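Undergrad: No letters, just coordinates:
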């Protein structure tokens, strides 16, 4: 509701102005009429007094009262005759005395006998009073007409104020969902046209806001779900938008609210300098950064200017390339390791072949030994190639063959039979213990290969007269546990995290001496993971190592 009615105030102000104007006109008109009527009446009375003064020259003193009364009747005025000393000689109306408001006029009597006498005529201002009453009545009639007009204007003002209140209510709910269903008046005047225009504008604004809101929500959903970190900041380096990925990258524990200073969010100087540089130059920058708060992760940062309504902001996108960098490092290490592993046997083969071709074929004492060396290095090359092909297949991402029921006892027996000749040569005693009925769902050949690799390492890296054992049981959580233990020298704890890397060796000299390729444990890890299992290792220096495989039981994989 309108607190102060503009139209109502204007009506009352107009009414007061009209009333004041009428009262002023009444006062000025009354004064003007009074002055005019007084002057006119005094002139007429003076003329009549001069006529009566002429009559007194022939009248006796005793006849003056009767004459005065007769003259007053004919003149419609009071007639007084005054002697030279000012005493009343005759008066047509001796009582009551004339008031100060009477109009009067005097005329001297020009006779020798009555020298200094005066005839005075007085009349009531009845004509003036009548004219004033007429003016006052006209003014009152105008006042009544003005009041009626103001009343009508007041009623119209109420109707106009109601329409304006409806117009204001419409503008206040332009963006309401039900504005389209509101009943619009069909008046053809200016307010009706304005009402229709506002209604149409409200529909267009609401449609525009709905589209903007939908686009904004869609954009924020896309940015929030991105794996890349996205941060938008204004020219004062205050956060405009920050998705979850970037908050996690910089180590923020709470949701980042708009308006948060970037310096409170990002503590890495390199990233802050990048944002500041883009704001200063307005040029996009691409740089590789390593955030300390992100657990040493490496990001490729792409920063560029961001257009804002009144200034220029900055937008930065962080792409996590930690895995890519790690893979690049692994690839480089792999190439270097393969080159190194292949160079040794190839150099030996080439050297001994050149020696034989240079005349050693005729050396009956050494030619056979040279050929055996060439054969051993060729076998090593073949083993490296075979293991690389297996790793390539396991890491290719190609769908694995359909799993099958694998008997743990059969896989263990095959692995034991494969390495037992090597164990006898090295003086290592083999032991196995397998619970009855253990089965898993997987790939028999790959599981056998993994067990062979573990047993082969347990034999090769054992001490003379040492022991290597394989035990298969059911763990406490129902999983199948396969443990391969040895009594070798053990693995330093600092080396344990890297033993499953390709070509990584704890003791490189000994590994080459026993003919290892450095790929066996990496193959074991990939095989077990493809069977949804886990692999862990425990080792004590001087006492040996234990590798434990945990595989889901058959009933879990079948369900």
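TA: Perfect, thanks for sending it. Note that this is a predicted model, so its numbers are computed, not measured.
Undergrad: Helices of the stretch 251-400 of the chain, residue ranges please.
TA: In the stretch 251-400 of the chain, the helices defined using DSSP state H, counting those that start in this stretch lie at 262-265, 269-281, 322-357, 367-395.
Undergrad: need these in CSV with mean pLDDT and mean neighbour count, can you?
TA: Glycine gets a C-beta too; all of them are placed from N, C-alpha and C. Listed next are those as CSV, based on pLDDT from 0 to 100; neighbours: other Cβ atoms under 10 Å:
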stretch, mean pLDDT, mean neighbour count
helix 262-265, 84, 16
helix 269-281, 88, 16
helix 322-357, 76, 13
helix 367-395, 73, 15
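Undergrad: Make CSV from those and add distance to residue 554 to it.
TA: Formatted as CSV, these follow (distance: least, Cβ to Cβ, whole Å):
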stretch, distance to residue 554
helix 262-265, 51
helix 269-281, 52
helix 322-357, 34
helix 367-395, 23
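Undergrad: Which of the ones you listed sits closest to residue 196?
TA: Among these, the nearest to residue 196 by Cβ to Cβ is helix 269-281 (47.9 Å).
Undergrad: outside of that closest one, which residues touch it?
TA: 233, 235, 237, 250, 262-263, 266, 284-285, 287, 289-291, 301, 303-305, 312-314, 316 (Cβ atoms under 8 Å, 6 or more residues apart in numbering).
Undergrad: Just the buried ones from those, in ChimeraX syntax?
TA: Burial among those is assessed by 16 or more other Cβ atoms under 10 Å; the matching ChimeraX selection reads:
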select :233,237,250,262,266,289,291,301,303,313,314,316
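Undergrad: The contacts of helix 269-281 in strands, which ones?
TA: 233, 285, 287, 289-290, 301, 303-305, 312-314, 316 (DSSP state E).
Undergrad: between the residues you listed, which is nearest residue 406?
TA: Nearest to residue 406 among the ones in strands among the contacts of helix 269-281, with distances taken as Cβ to Cβ, is residue 290, at 44.7 Å.
Undergrad: Just give the closest residue to the closest one, not the sequence neighbours.
TA: Nearest non-adjacent residue to residue 290, counting by Cβ to Cβ, 6 or more residues apart in numbering: residue 298, 5.0 Å away.
Undergrad: ok, now which ones touch that neighbour?
TA: Listed by Cβ under 8 Å, 6+ apart, the contact set of residue 298 reads 288, 289, 290, 320, 321, 322, 325.
Undergrad: make it 10 Å
TA: Residue 298 is in contact with 288, 289, 290, 291, 319, 320, 321, 322, 323, 324, 325, 326, counting by Cβ atoms under 10 Å, 6 or more residues apart in numbering.
Undergrad: Repeat that for residue 484.
TA: By Cβ under 10 Å, 6+ apart, the neighbours of residue 484 are 412, 415, 432, 450-451, 453-458, 468-472, 524, 537, 545-549.
Undergrad: Tell me the spacing between it and residue 59.
TA: Per Cβ to Cβ, to the nearest Å, residue 484 is found 173 Å from residue 59.
Undergrad: Kindly report the same for residue 499.
TA: Taken as Cβ to Cβ, the span from residue 499 to residue 59 is 166 Å.
Undergrad: mind checking the backbone torsions on residue 545?
TA: Backbone torsions for residue 545, taken as degrees, to the nearest 10, come to phi -130, psi 160.
Undergrad: In which helix or strand does the closest residue to it other than its chain neighbours reside?
TA: Leaving aside its sequence neighbours, residue 545 sits nearest to residue 539 (Cβ to Cβ, 6+ apart; 3.9 Å). Here residue 539, judged by DSSP states H and E, is contained in strand 534-540.
Undergrad: Paired strands for that strand, with orientation please.
TA: Strand 534-540 pairs in its sheet with strand 544-551 (antiparallel), by DSSP bridges.
Undergrad: Would you mark the buried spots in the strand it pairs with?
TA: For strand 544-551, by 16+ other Cβ under 10 Å, it's 544, 545, 546, 547, 548, 549, 550, 551.
Undergrad: I'd like the next helix or strand past the helix or strand bottoming out on mean pLDDT in the chain.
TA: The weakest-scoring helix or strand in the chain, judged by mean pLDDT, DSSP states H and E, is helix 508-514 (a mean of 49). Following helix 508-514 in sequence order, the next helix or strand is helix 520-530 (DSSP H and E).
Undergrad: Count residues in the vicinity of the closest residue to residue 478 other than its chain neighbours, would you?
TA: Beyond its immediate neighbours in the sequence, the residue positioned closest to residue 478 (Cβ to Cβ, 6+ apart) is residue 553, lying 5.5 Å away. Residues lying near residue 553 (other Cβ atoms under 10 Å) number 17.
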